[in-house]
Structures are given as C-alpha cells and as structure tokens.
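Colleague: With the input below, show me the fold.
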Amino acid sequence: MRLAIFGGTGKTGQHLVAQALDAGHEVVALARTPSKFTLQNDKLTVVQGGVLDRNAVEQVIQGADAVLSVLGPSSNKSEFTISKGMDNILAAMKAHDVQRLVISAGAGVRDPQDKPGLIDRVASVALNIISKNVVADMKQVVEKVRASDRDWTIVRVPMLTDQPAQGTLKVGYVGDITPRISREDMAAFMLKQVELSEHLHKAPAISN
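Modeller: The predicted model follows:
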C-alpha cells in the first residue's frame, strides 16, 4: 500500500514510518525539516513543508491508499495548528478520493463510551488547566474527523514511553486501560488499523 504519514519525524512517527517500510508499504511523509529522517529507503518519499501548506499536503496525499497522522501540538500556544492542518488533510483526501484515515489523540479527548474513574477525572482536570490549548486543539481535530465522510479511526493513548514494544495491548475505552503505552506499540496498532475495519468510525483507547 501507499501510505501518507503526517508527524513522521516525531518520536512516535519515526516508529510508524519504520514499521510501515518494514511491512513493505510505500511511504510518503511530510516534514518541515526532511533531514530529520535518518533512515534511507527506496520506498520512502519525503515532501518538504508544514501541515498548513495546502500544496505540500496535497502532494503527500495524492495517490495514497490511506492516511495516518500522529500530529500533536508542539506548544500550549493558542495557534491550533493541528486542527487547521486537519482541514487541509481532509480537503486533500476528498479531492484525491482517499477514504481511509487513522489518527492519534490523547486519551484526555473523551469518547461517549469512556468510563473514567476518579484518577482519570482528576488527570483530565489537571491537563485542561496545564495544557488548555493543546487539549482544545486536539478536541477540534477529533470533532472534524468525526464529522467527516472519511473511513476514520481515532486511536487514543495515555502517557507515551520510549520503552521497547511489549507486543500486548489493552484495547477499550478510558476506564479499561492502564496509564502508559510504548510509542512502538502505539505505532504498530495504528498501522494495523489501515487494513482492518474492527474500529471503523470508533475511537478506542489503548495501553500496555
């Protein structure tokens, strides 16, 4: 498959790109700084630009079989770059008739099926105080994806770690999961969703 990946230079994105290439997929990734991609592969194409650059986003998505995004705000400023960028991603997907979309978001972005316990609720209040604009940006991203006519899956995650993959996951909703997940395991789960329909139009929460 030909996969369009956004956020591929980040810590989780690098795992996602590497795993996609290892699985034999062709990857087209967007990067403001292409030199951040240290791996070399004939099946990897890097398009220079940011997610607010409509032309660059179109270049990445044109001809893709699916789109994956592990984009997240890099600061707590009220810039809402990721939600604005999602507008460009969704518009390009529609223009080029790309249907499958898999994105990530923090578990603090709630789903109607969540069953948050006391610790979850306290953590959510703290997150909304400390990282108010980060949460608001990602809530807008999720709302836009849910309202779209694409075949979407939203993968929600707790605290990310750099530990090696454990290979086993808890998959459910907030209230079912543990507080952490390795980036490698998160990337593997997202990649699998491209070819699965189990979580179509759903927003599962996952953890180790």
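
Colleague: which intervals of the protein have sub-threshold pLDDT?
Modeller: Applying pLDDT under 70 to the chain flags residues 122, 125-131.

Colleague: thinking residue 96 is in contact with residue 57, fair?
Modeller: No - using C-beta atoms under 8 Å, residue 96 makes no contact with residue 57, being 10.5 Å away. Heads up, the C-betas are built off the backbone N, CA and C, glycines and all.

Colleague: Who has more neighbours out of these two?
Modeller: Just comparing residue 96 and residue 57: by other C-beta atoms under 10 Å the higher neighbour count belongs to residue 57, 27 against 14.

Colleague: Distance of that one relative to residue 45?
Modeller: For residue 57, the distance to residue 45 equals 14 Å [C-beta to C-beta, to the nearest Å].

Colleague: what's the answer for residue 158, then?
Modeller: 32 Å.

Colleague: If you count surrounding residues, which of the two has more?
Modeller: Neighbour count, other C-beta under 10 Å: between residue 158 and residue 45, residue 158 has more, with 21 against 14.

Colleague: OK, contacts around that one?
Modeller: Taking C-beta atoms under 8 Å, 6 or more residues apart in numbering as the criterion, residue 158 is in contact with 106, 107, 177, 178, 179, 180, 181, 205, 207.

Colleague: Could you dump the residues you listed into JSON lines and include neighbour count?
Modeller: Converted to JSON lines, the contacts of residue 158 look like this (neighbours: other C-beta atoms under 10 Å):
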{"residue": "106", "neighbour count": "20"}
{"residue": "107", "neighbour count": "26"}
{"residue": "177", "neighbour count": "23"}
{"residue": "178", "neighbour count": "12"}
{"residue": "179", "neighbour count": "13"}
{"residue": "180", "neighbour count": "14"}
{"residue": "181", "neighbour count": "27"}
{"residue": "205", "neighbour count": "26"}
{"residue": "207", "neighbour count": "22"}
